[in-house]
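Trainee: Give me the fold of what follows.
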Amino acid sequence: MKTISKDIKVKVQQATESVLEINKEVDLCAIKNTLEKEHKIRFFNDSVLGNLIREALDNIVYIYC
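Mentor: Predicted coordinates:
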């Protein structure tokens, strides 16, 4: 498996936070759409994206409901 750059991890973190703020839940499709539209990144391997999202969620302490 290729290593994922820090830049990609940061963009996944930003997309995850954005979707959480808007939807108040983790929505894989919404995160993928955000990454494609706002960051021009397309993931073909959902399990890798899922791992990156889990890493992002580990860094999020709370959200406003």
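
Trainee: quick one: Asp58 from Arg42, how far?
Mentor: For Asp58, the distance to Arg42 equals 24 Å [Cβ to Cβ, to the nearest Å]. Quick note: C-beta positions are derived from backbone N, CA and C, even for glycine.

Trainee: Packing partners of the helix or strand hosting Ala15?
Mentor: Under the criterion of DSSP states H and E, Ala15 resides in helix 6-23. Packing partners of helix 6-23 (3 or more Cβ pairs under 8 Å, 6 or more residues apart in numbering; DSSP states H and E): helix 28-39, helix 46-59.

Trainee: and Val61, helix, strand or coil?
Mentor: Judged by DSSP: H, G, I helix; E, B strand; the rest coil, the three-state class of Val61 is coil.

Trainee: Count the neighbours of it for me.
Mentor: By other Cβ atoms under 10 Å, the residues close to Val61 number 5.

Trainee: show me what contacts it?
Mentor: Counting by Cβ atoms under 8 Å, 6 or more residues apart in numbering, Val61 touches no other residue.

Trainee: for it, phi and psi?
Mentor: Backbone dihedrals for Val61, given as degrees, to the nearest 10, come out at phi -90, psi -40.

Trainee: Of all the helices and strands packed on helix 6-23, which one is nearest Lys6?
Mentor: Closest to Lys6 of the helices and strands packed on helix 6-23, according to Cβ to Cβ: helix 46-59, at 11.5 Å.

Trainee: List the buried residues in that closest one.
Mentor: Within helix 46-59, the residues that count as buried by 16 or more other Cβ atoms under 10 Å are 49, 52-53, 56.
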